[in-house]
Each structure stands twice: as C-alpha cells, then as structure tokens.
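Enquirer: Prediction below, plus the sequence it came from.
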Amino acid sequence: MWNTLKAHRAAVVDRRFETMLDTARAADFSAMAGDIRLDYAKTNIDASGRGLLLDLLEQTGVAAKREAMFTGAPINETEGRAVLHTALRNLDGGPVHVDGVDVMPEVLDTLARMGGFAESVRSGTYAGQGGRITDVVNIGIGGSDLGPAMGVLAMAPYHDGPRCHFVSNVDPADIAQVLRSCDPTTTLVIVASKTFTTIETMKNARTARAWMSEKVTDVGAQFVALSTAADKTAEFGIDPSRVFGFEDWVGGRYSMWGPIGLSLMVAIGRDAFHAFLRGAQAMDVHFRNAEWTENLPALLAIVGIWHNQVCGYATRAVLPYDNNFSRLPAYLQQLEMESNGKRVSMDGADLAVPSGPVVWGEPGTNGQHAFYQLIHQGTRVVPCEFLVAARGHEDALHHQHQLLVANCLAQSEALMKGRGLDEARSKLADKFKGHELDRQARHRVFPGNRPSITIAYPQLTPFVLGQLIALYEHRVFVEGVVLGLNSYDQWGVELGKELATALQPVVEGTQSVAGKDGSTAGLVDFLQAHGV
C-alpha cells in the first residue's frame, strides 16, 4: 500500500491544489464532531488519495485495535499493559475491565475524592498554616507537568481558585523563581510522580519541603501526592487522604484526565473540570462510532500520514491562534514525539517508513514575526495545523479578536496561493526596471501550494479543551497503529536517565572520569574548573 500511495503522490505532486478548491471540495474535505470543524481542503489529498489512505486504516486493523484499547486489552505489548486513559473520562459509560476487574468504581471514587479536596481548597475549608491557600505549586515533569500546565493556561478565563505554578526542570532556577513569589504558609505543593522516585521531581519536592519548613511546623499538611507509592508518600510525611493514585494503564502523557489534573481542578473548580472530561468523552464516542470519512481523529491521522510518510515532510507546525493555547505545541510535541518517535514495529523489525514527525510551533500572531518566513519561502515544506476560535473571552475587544481570526485565515490562504513572479514584478514595476526589477521580484515570490489544515471551534471552553486534546490523542493512536508501532512505551527516555545517574558522582568529583570518552571527560574537567 505504501508504494501505491507514493505512486499516487508522484502523479499529483505538481498539481496546484488551489485549482481543486471549489465549494464542493470545501464541503467534502471538511468534517464536524460536535461544534469542532476540521478543514483539510487546503492539502493535495484528493478523493482517490483519501480512499487509499482510508484503505490503509482497514488493512492495518485500526478499528479492531481501537476496540481493544477501549475495552482494556493490553495493547501496550512491550510492557504488557492496557491503555485506558479513556476510562478516566468515562463518566456515563459502562464497566471497563482489566484482567477481569471493572476499573470504573475506583476511577469514579478517585474523581470524587479529587473533587472534594479541590473544593475544600477553593472554599478555604482546607487551609495552610497561615490561612487560606493562595498558591498551588505542581511539581512534576513530562506528562506530570505538560498536561496540567497547558490546561491551566488554556483555561485562564475560568480561573477562580488559587494561583497555579508549575515546576519541572531540575535546574534550580525553575523552583527558586516560583517559590520566590509564594508564601510558604499559604502554599499547597502537589508532587506528581507515580512511583515517587522521578529524580527531577523528587529533588524539587525536597527543595520545596526545606523551603516550607523554615516557616511551617507541620510541613506534610501542605503537601499532596499524585502517586501510587503509598509507602514513599507516607515516608515523605503526606497523609493518605491527600494521596491520589492512578494505575499503570494510564501513561504519563495521557494522564491529565485523572489525578495529574488536580491543579487544573483546583484552578477552575470541580464542575468545569467535569465539563473538560465530558468534552473528551464526547470525542471518544465520536471516534468509536463515526464512519472513517467523518471521523475527525482518523481524518487528522491520514492527513499526517500523507504529509509525513507519503510526501516525506518530516516536520509539522502547530499554530494555535489562541494565546491561552500557547503551551499546546509543547504538549503535542511530547504527545506525538514520545508516542510515535520509534524505530521498530511491534515485532521488533525495523519500520518500513519513517515514524512520527518533528512537532513544533508557537501561537499566532507571534509566529508570523518569527518563523513564518521559512514556512512561506523556505526550501522545505512544513505542513501547518491552525487552530482558531470564533470567539475569544474578551468581549469588549471582540474587534481585536476578529483581526486575529483574519490573520489565521490569511496565513492558510497565503500558504496555498503563494505569489508568482509575474505578480511580484507588477507590484514593483513603478519602482524598478530591467534586471533590478527581476532581481527584486524574485525575493518577493512565494511558491505557495503549501499544505495546511484548520481546526475551528466556537470558543475555548473546558468542554472544547477536552474535545481537542482527546482528538489529538486518538490521532496519535491511529497513526501508531498504521505504522505498526507501540505508541505507549517510551524506552528512548531511559538511556539518558541511566547515564545521568552514573555521571552524577563524576560531576560531583567523588568518582574519577576514567573510562569516559574524551569529549565527556573534557567537558567534566572544564565545568569542574568553573565551579560545578
């Protein structure tokens, strides 16, 4: 099938897809899930190409694998685990079994406990030793940081709880800058580590505990643990009533729907957090039931496969025209690159095609004054994914939001249409003549025919946030199944951790650099000479 797809692409590679874009195509190459509209008409995918791509979903068994995921089968085969982040938002669904045990009672009980605790913090019933909690510091890394940090910022218009801060980097500057703005007597610290052994997280947690102990007598009373390691959390001094666990069938980058989302729940409240879960649940239902031609996660996936594996575009830009979504590119970077950044298939064989793309981006319109130059006129094609809301949250500045929307739509149009040499010449004919006119005009040519999709929604609400994040989760799932890899392990993270642990005593000077390569040994010597 890959050869067939590449042959089809070769046959249409020089086609200007602007010439295909009439009203009928705009309708046929758009789809809806609730109020979310996906428009992928500004790509070079035609009806035949789409048919081939959808055939790929059938040939690789996406539907069966999808059902296996939702019903608790161990689709994370390298670790022998189920993949059930969907159960965390299964508010109205039936039982979900893992090894014959229905996990939903425990999921719902944990959610209820989270809600009760969050509301007690928000109301002041649960207070610090200096009074009402004013600040929440979430200490985690990877999925224990990126999800809630992205969500809290995205939901800024709904904040009516304590201020939320996020610490992830072991660089002491990170935690020092956060704690400097907080009062230890009115700060709640959330330590997010499933095993309670994550090196960066626990180092920062101990720093926070030492900071708090200078002003607080019962330090443990102002700590919360998001962990399953009850013995370690007890040793740290955290009461079991403030420990919220989750099972190993919830991967870190898929965990913000449960206890890892506690900071978001404290910020926006239990009801808004439930709306966030219901948005994700609605996308789950859509993904399970919609036909492929109307299925947003499937369509988003085949567009990604077309651009990356078929066309060879190795990168993907995520461009939210929503400043509250400024952390979305970083969140999706982990979601996609940690999930599908693999080199072997499920059976251990080398992949037949490239794996996941490099994902990056920034909010519009900031990016327009930074890297859009390369997107429009660079030598590499960068498929773009625009996200835009019909309405912002600043009603008095709606006219300014309209300008934001106009910029978003104009960028996708400009990527598609471009500007030819003749048009560039005509715009400069009153300023330049002859060779200089030609030289200047060439600098103003835009090749166009550069693909983009647009995801539009009414407003970034908790419900819509849930829909969008679940949409991208399922897109990653579909792409992983098609590629034949395991989207739910992350062995590539481990080697660097192991080497860092071994190198720490060398850096500290308690072990010799003997046996290290010349480059590493030289760098250690240099850094030690300058005070490390």
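Expert: That came through fine.

Enquirer: L38 against Q467, yeah?
Expert: No. L38 lies out of contact with Q467 (Cβ atoms under 8 Å); the separation is 11.3 Å. Every residue, glycine included, has its C-beta placed from N, CA and C.

Enquirer: The two: who's more crowded?
Expert: Q467 (25 against 22; other Cβ atoms under 10 Å).

Enquirer: Okay, and that one sits in which element?
Expert: Q467 belongs to helix 462-483 when assigned by DSSP states H and E.

Enquirer: roughly how far is that helix from the heart of the chain?
Expert: 10 Å (Cα atoms, centre = their mean, to the nearest Å).

Enquirer: Let me see the mean pLDDT of that helix.
Expert: Regarding helix 462-483, the rounded mean pLDDT is 98.

Enquirer: now do stretch 138-147
Expert: For stretch 138-147, mean pLDDT rounds to 96.

Enquirer: these two touch, right, S355 and G484?
Expert: No. Counting by Cβ under 8 Å, S355 stays clear of G484, with 10.0 Å between them.

Enquirer: returning to what we had before: following element in sequence after the helix holding Q467, please.
Expert: That would be, after helix 462-483 and using DSSP H and E, helix 494-508.

Enquirer: what's the average pLDDT for that next one?
Expert: 91.

Enquirer: same thing with stretch 424-444?
Expert: Here stretch 424-444 scores 96 as its mean pLDDT.

Enquirer: Show the end-to-end separation of that stretch, please.
Expert: Taking Cα to Cα, to the nearest Å as the measure, stretch 424-444 stretches 6 Å from start to finish.

Enquirer: List the buried residues of that stretch.
Expert: Within stretch 424-444, the residues that count as buried by 16 or more other Cβ atoms under 10 Å are 424-425, 428, 437, 441.

Enquirer: where exactly do the strands run in the stretch 351-500 of the chain?
Expert: Here the stretch 351-500 of the chain has its strands, by DSSP state E, counting those that start in this stretch, at 358-360, 384-389, 452-457.

Enquirer: ok now do the closest residue to E214 other than its chain neighbours, which residues does it touch?
Expert: Spatially, and ignoring its direct neighbours in sequence, E214 is nearest to P184 (6.8 Å; Cβ to Cβ, 6 or more residues apart in numbering). Contacts of P184 were listed using Cβ atoms under 8 Å, 6 or more residues apart in numbering, and they are 130, 211-212, 214-216, 222.

Enquirer: Just the buried ones from those?
Expert: Buried among the contacts of P184 by 16+ other Cβ under 10 Å: 211-212, 216, 222.

Enquirer: Now the two most distant members of the residues you listed.
Expert: W211 and Q222 (11.1 Å; Cβ to Cβ).

Enquirer: mind checking which helix or strand of the protein has the lowest mean pLDDT?
Expert: Lowest on mean pLDDT, DSSP states H and E among the helices and strands of the chain sits helix 494-508, with a mean of 91.

Enquirer: What helices and strands are in contact with it?
Expert: In terms of contacts (3 or more Cβ pairs under 8 Å, 6 or more residues apart in numbering; DSSP states H and E), helix 494-508 is packed against helix 199-213, helix 518-529.

Enquirer: Can you tell me which of these is most buried?
Expert: Ranked by mean neighbour count, those are led by helix 199-213 with a mean of 19 (mean count of other Cβ atoms under 10 Å).

Enquirer: That helix packs against which elements?
Expert: With contacts defined as 3+ Cβ pairs under 8 Å, 6+ apart, helix 199-213 has these neighbours: strand 135-139, helix 172-180, strand 187-192, helix 494-508.

Enquirer: which residues sit against it?
Expert: Applying Cβ under 8 Å, 6+ apart, the set of residues contacting helix 199-213 is 137, 139-141, 144, 167-170, 172, 174-175, 179, 184, 187, 189, 191-193, 196, 219, 222-223, 236-237, 497, 500-501.

Enquirer: Generate a ChimeraX selection restricted to the buried subset of those.
Expert: Filtering the contacts of helix 199-213 down to the buried ones (16+ other Cβ under 10 Å) takes a single ChimeraX command:
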select :137,139,140,141,144,167,168,170,174,175,179,184,187,189,191,192,193,196,219,222,223,236
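
Enquirer: residues near R25, how many?
Expert: 15.

Enquirer: Could you do L5 as well?
Expert: The burial count for L5: 20, using other Cβ under 10 Å.

Enquirer: Then V482?
Expert: Counted with other Cβ under 10 Å, residues neighbouring V482 total 25.

Enquirer: Excluding covalently adjacent residues, which one is nearest to it?
Expert: Nearest non-adjacent residue to V482 (Cβ to Cβ, 6+ apart): T60, at 4.9 Å.

Enquirer: contacting residues around I175?
Expert: I175 touches 139, 167, 204, 207-208, counting by Cβ under 8 Å, 6+ apart.

Enquirer: can you give me phi and psi for the closest residue in space to H159 that isn't next to it in sequence?
Expert: Leaving aside its sequence neighbours, H159 sits nearest to A267 (Cβ to Cβ, 6+ apart; 5.1 Å). Backbone torsions of A267, given as degrees, to the nearest 10, read phi -70, psi -40.

Enquirer: rewinding a little: need the contacts of P184 in TSV with distance to E119, can you?
Expert: Below are those laid out as TSV (distance: Cβ to Cβ, whole Å):
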residue	distance to E119
G130	21
W211	27
M212	23
E214	30
K215	26
V216	23
Q222	17
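
Enquirer: Show me which pair in these is furthest apart.
Expert: Maximum distance among the contacts of P184 (Cβ to Cβ): 13.9 Å, for G130 and W211.

Enquirer: Can you tell me how far the closest residue to V358 other than its chain neighbours is from T520?
Expert: Distance criterion Cβ to Cβ, 6+ apart; nearest residue to V358, sequence neighbours excluded, is T315 at 4.4 Å. Plainly put, T315 is 30 Å away from T520 if you go by Cβ to Cβ, to the nearest Å.
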